[in-house]
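> okay, sequence plus prediction incoming.
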Amino acid sequence: MLMSTPKLVALRLYNITLGRFEICTRLLRKALVWRYVKTKAPGSRYSPTSKFFDMSELGGDWRGRAAPRRSGSGAGEGR
């Protein structure tokens, strides 16, 4: 969704009038989530990481590997 001048003006007017009431802000939030998140197909949702790598490029056992552990308790190290 690109922000145009009429949309910005409408949002500002909403913020200074109805946006001060909690019920109105919750209704607007639910409406926007429904409009821009729930109604989209799962493949069309934007994800910046999906543009750079594919899960198959991570290797076969990427789920089973954990970060290497450091020796020591971690408290007071580096002082």
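Yes, it's here.
> any stretches of this protein with poor pLDDT?
1, 42-79 (pLDDT under 70).
> ranges for the helices of it?
If DSSP state H is used as the criterion, the helices of the chain fall at 5-16, 22-33.
> got the ones you listed as a markdown table, with mean neighbour count and distance to Thr39 columns?
Every C-beta, even on glycine, is put in place using the N, C-alpha and C of the backbone. A markdown table is the format used below for the helices of the chain (neighbours: other C-beta atoms under 10 Å; distance: least, C-beta to C-beta, whole Å):
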| stretch | mean neighbour count | distance to Thr39 |
| --- | --- | --- |
| helix 5-16 | 10 | 18 |
| helix 22-33 | 11 | 10 |
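> can you redo those as CSV with distance to Lys40?
Conversion of these to CSV gives the following (distance: least, C-beta to C-beta, whole Å):
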stretch, distance to Lys40
helix 5-16, 19
helix 22-33, 11
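> Tyr14 is in contact with Leu28, isn't it?
Yes. In this structure Tyr14 lies within contact range of Leu28 using C-beta atoms under 8 Å: 7.2 Å.
> now the phi/psi pair for Phe21, please.
For Phe21, the backbone dihedrals (degrees, to the nearest 10) come out as phi -100, psi 130.
> can you start the count at 24 instead of 1 from here on
Yes, from this point I'll number from 24; that puts the last item at Phe44.
> tally of neighbours for it?
Counted by other C-beta atoms under 10 Å, the residues lying close to Phe44 total 10.
> same question, Leu41
Close neighbours of Leu41, defined as other C-beta under 10 Å, add up to 13.
> give the contact list for it.
Applying C-beta atoms under 8 Å, 6 or more residues apart in numbering, we find Leu41 in contact with Cys47.
> distance of it from Leu25?
23 Å (C-beta to C-beta, to the nearest Å).
> do the same with Leu36
For Leu36 relative to Leu25 (C-beta to C-beta), the value is 19 Å.
> one more: Cys47?
When C-beta to C-beta is the yardstick, Cys47 and Leu25 sit 24 Å from each other.
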